[in-house]
Each structure stands twice: as C-alpha cells, then as structure tokens.
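Novice: what follows is a protein structure lacking sequence information:
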C-alpha cells in the first residue's frame, strides 16, 4: 500500500467523519470540509483508491475500504491521544489542544504513541469525551442522545461533545459547563428551540445550536 502522506491522512480523517454524519459522501462535500477545490479533491481520491483505501467511481459516493477505515481510525487515535496528553500531562486547557494535535497526529512512529498511551494509563476517551480508537483500529460507540432531546424534570450527564472547536469550548467555559457536568432540564421551549437548564446551581437558557452538540446520558 505504501506510506500514507500527511495530506492523504487529512483526507482519510475527513472522509471518516463525513461518513459518520452523511449517508453518502461526494467530492463536493469532501472538498468543502477540507477547504480545497473539487479537482484537487478528485485527484487525491484517485490516489487513495489506487492504494486501496477508498472505493470510488465517477458520480458515485465515496466509501472508505476496510483498510481505509482502519487507517483513518489510527490517525484519529493519534490525534485524541495527543489531546489527552496535552491536557493531562502538560496542563493545556481543552480549547487549546486541537491545533497542536493536528500537527502531531502526522508523526509516523507507533512507538511514540504507544508510549504516550502508556503514560496516560491507556485512556478510553479524549478531553472532549470522544472515544480513543484502539491499536487495532476499533472504536467504542457511545450510548446516549443530544441534550436538545431532553425532557423537563430529568437529570442528565454530559458524556461527550459533538463539536470541539475553540469558540464552542470557550462558550461552555463561560457558562461553567464541563465534560461530565450534571444538567437538570427545567423547561423545554420547542417553538423557540430553547432549553432551560440548571448546571452547578446556575440556571441557563441554551439554544438548540448549543444543546444539540452536548451528548448526554440520563442519570
């Protein structure tokens, strides 16, 4: 198959995430997610197909092969391990780690990341609650639902974030919302797509834009 380049890794990771959100992934959605022109994305997909990492035919959806899924999972593993290491061992905040991890994930040294995993005592989740793939590429699934589907009078625990960009994480910090925070739903205002909650004895009104990105379990 040959060594996978950093640019190819970015495409595989983007495809993996797009396939989780969309039933069918085309060149247009892939190019938009990566911020590249469609001919550029098309050319790269052909290279990945030649390496047996994707299935691709003109005008048909792009699909990762089993090899492609495993390769993408291992890239995500490196990224999420790095984020956890930066938070747990180096004192970074959860909104500072993504950009650094984007660079380190391309290091081609399994031993480096195995050692990182060992120093962290083999964590199952990253600082944002996303599962860390195992060395064989398998990844655990999370059981739960988004907070916007919560019911009045129920208590929930945040187990994962469906978005982890700096702006969103900074917003959560400003509201005192953390991973594993307990949230009581006080009122659901369906028409305005708002939900009133209590977090750490603080009452908040969250928009659907926020509550739909908080993955929770009932407690």
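Specialist: Looks like it arrived, so ask away. Note that the coordinates shown come from a computational prediction; the quantities given were computed from them, not determined experimentally.
Novice: contacts only, for the nearest residue to residue 88 once chain neighbours are set aside.
Specialist: Of all residues beyond its chain neighbours, the one nearest residue 88 is residue 120 (6.0 Å), with distances taken as C-beta to C-beta, 6 or more residues apart in numbering. Glycine gets a C-beta too; all of them are placed from N, C-alpha and C. Listed by C-beta atoms under 8 Å, 6 or more residues apart in numbering, the contact partners of residue 120 are 81, 84, 85, 88, 89.
Novice: would you mind confirming that the third one makes contact with residue 118?
Specialist: Read it as residue 85. No - with the criterion set as C-beta atoms under 8 Å, residue 85 and residue 118 do not qualify as a contacting pair; they are 10.9 Å apart.
Novice: higher neighbour count, these two?
Specialist: Taking residue 85 and residue 118 together and counting by other C-beta atoms under 10 Å, residue 85 has the greater number of neighbours (24 against 9).
Novice: how about the more buried one, nearest residue that isn't a chain neighbour?
Specialist: Using C-beta to C-beta, 6+ apart and skipping the chain neighbours, the partner closest in space to residue 85 is residue 116 (5.2 Å).
Novice: doesn't that neighbour fall inside a helix?
Specialist: Yes - Residue 116: assigned to a helix according to DSSP: H, G, I helix; E, B strand; the rest coil.
Novice: let me see the contact set for it.
Specialist: Counting by C-beta under 8 Å, 6+ apart, residue 116 has contacts 81, 82, 85.
Novice: if we use 10 Å, what do you get?
Specialist: Contact criterion C-beta atoms under 10 Å, 6 or more residues apart in numbering gives 78, 81, 82, 84, 85, 89, 104, 123 as the residues in contact with residue 116.
Novice: same check, this time on residue 25
Specialist: Neighbouring residues of residue 25 by C-beta under 10 Å, 6+ apart: 14, 15, 16, 17, 18, 19, 33, 54, 61, 62, 63, 64.
Novice: if I look at the residue nearest to residue 88, how far off is residue 85?
Specialist: Using C-beta to C-beta, to the nearest Å, one gets 6 Å for the distance from residue 120 to residue 85.
Novice: and if you look at residue 107?
Specialist: Here the criterion is C-beta to C-beta. By it, residue 107 lies 12 Å from residue 85.
Novice: same check, this time on residue 35
Specialist: Between residue 35 and residue 85 the computed distance is 27 Å (C-beta to C-beta).
Novice: which of the contacts of residue 25 are buried?
Specialist: Neighbour-count burial within the contacts of residue 25 applies to 14, 15, 16, 18, 19, 33, 54, 62, 64; the criterion is 16 or more other C-beta atoms under 10 Å.
Novice: no more questions from me, cheers.
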